[in-house]
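Undergrad: Got a predicted structure plus its sequence, pasted below:
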Amino acid sequence: MGLSSLRSPRRTFAFHPLSSLRASALRDFYNTYDEFVVTEQDRAEYQKFLAGLTDRQKQLLQSGLNFYVVDLKNIGGLVMPVILQIEYADGTKEELRLRAEIWRYNNAAYPS
């Protein structure tokens, strides 16, 4: 049994299209579902969210700035400062140092 006999089954493999592409009766909800399409329920929930904001929060929302939330976990248990390096789209970098006191109220995660 040589090397060529090991390869022969792989060479005979042919691509078989999905059954749902061949028979339209097999298509279902998940063939057309797009999780990013905004529904009326999504719009209603967003309007409810906007109604609950303070004037300051609405002003920040309309400012066009991007906000990022970073959750930190203290996996090793040793209280240490956290050093973050932030790289912006224009290529500039900034180093942000959080003192070890951030773990004062919750030694496992920040924010708590």
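TA: Sure thing, it's come through.

Undergrad: Okay, now the unreliable bits of the chain?
TA: Counting by pLDDT under 70, the chain contains low-confidence ranges at 1-26, 112.

Undergrad: Tell me if I'm right that residue 53 and residue 62 touch.
TA: No - with contacts counted by C-beta atoms under 8 Å, residue 53 stays clear of residue 62, the gap being 10.4 Å. Backbone N, C-alpha and C define where each C-beta goes, glycine included.

Undergrad: These two - which one has more neighbours?
TA: Summary of the neighbour comparison: residue 53 and residue 62, criterion other C-beta atoms under 10 Å, with residue 53 having more neighbours (12 against 8).

Undergrad: wait, what's in contact with that one?
TA: Residues touching residue 53, when contacts are defined by C-beta atoms under 8 Å, 6 or more residues apart in numbering, comprise residue 61.

Undergrad: which residues of this protein fall in helices?
TA: 3-11, 19-22, 29-32, 40-51, 55-62 (DSSP state H).

Undergrad: Now do the shared contacts for residue 53 and residue 62.
TA: Joint contacts of residue 53 and residue 62 (C-beta under 8 Å, 6+ apart) do not exist.

Undergrad: residues touching residue 80, list them.
TA: Residues in contact with residue 80 (C-beta under 8 Å, 6+ apart) are 74, 100.

Undergrad: mind running it again at 6 Å?
TA: For residue 80, the contact set (C-beta atoms under 6 Å, 6 or more residues apart in numbering) comprises residue 100.

Undergrad: Residue 73 now?
TA: Residues residue 109 are the ones in contact with residue 73 under the rule C-beta under 6 Å, 6+ apart.

Undergrad: Pairing partners for it in the sheet, please.
TA: The partner list for residue 73 in beta bridges (DSSP bridges) reads residue 109.
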